[in-house]
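Peer 1: Fold the following for me, if possible:
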Amino acid sequence: MKAITNTKIRKLKGGWKVAEEGDDSEYVQELKVELCIQGNKKDGYHLVMMPEGCFAADYHYFSKQEAKDDAAEIFGVPVDGWSND
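Peer 2: Presented below is the predicted three-dimensional model:
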């Protein structure tokens with residue numbers, strides 16, 4: 001499953017994180033973020049996050065729904081914002 005969104009990202013030395021609300025420092029940029037959910041019921045699922053120009057990162061979940069819920073909370077991806085590409 002894949003989704004694309006725009007999110008404020010704070011670039012760090014050697015990494016990145018989603019910018020906190022109100023963080024308007026010079027290190028914050030709104031970037032295109034590609035999201036992908038990979039995995040299976042046996043091993044769990046990974047929400048892979050790939051902001052434009054940054055390294056990929058991921059979180060592990062026990063269910064696909066947990067990954068989708070976090071993507072909605074963190075990145076604002078709606079339920080129908082996922083494709084099966």
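Peer 1: And the helix or strand hosting Asn6, what does it pack against?
Peer 2: Using DSSP states H and E, Asn6 maps to strand 2-12. Other elements packing on strand 2-12 under the criterion 3 or more CB pairs under 8 Å, 6 or more residues apart in numbering; DSSP states H and E are strand 15-18, strand 28-40, helix 64-75. Backbone N, C-alpha and C define where each C-beta goes, glycine included.
Peer 1: buried ones in stretch 51-60?
Peer 2: Buried residues in stretch 51-60, counting neighbours by 16 or more other CB atoms under 10 Å, are found at 51, 54, 58.
Peer 1: Once you drop chain neighbours, what's closest to Asp23?
Peer 2: Nearest residue to Asp23, sequence neighbours excluded (CB to CB, 6 or more residues apart in numbering): Arg10, at 6.1 Å.
Peer 1: Quick check: bridge partners of that neighbour?
Peer 2: Listed by DSSP bridges, the beta-bridge partners for Arg10 are Lys17, Val28.
Peer 1: Please name the nearest non-neighbouring residue to the spatially most central residue of the chain.
Peer 2: Centroid-nearest residue in the chain, with CA atoms, centre = their mean: Met49, separated by 3.9 Å. Excluding its sequence neighbours, the residue lying closest to Met49 (CB to CB, 6+ apart) is Ala57, at 5.2 Å.
Peer 1: Just list the residues touching that neighbour, thanks.
Peer 2: With contact set as CB atoms under 8 Å, 6 or more residues apart in numbering, Ala57 has these partners: 15-16, 48-49.
Peer 1: Likewise for Leu47?
Peer 2: 35-37, 58-59, 61, 67, 70-71.
Peer 1: does Phe77 sit in a helix, a strand or a coil?
Peer 2: Rather than Phe, residue 77 is Val. Put simply, Val77 is coil when judged by DSSP: H, G, I helix; E, B strand; the rest coil.
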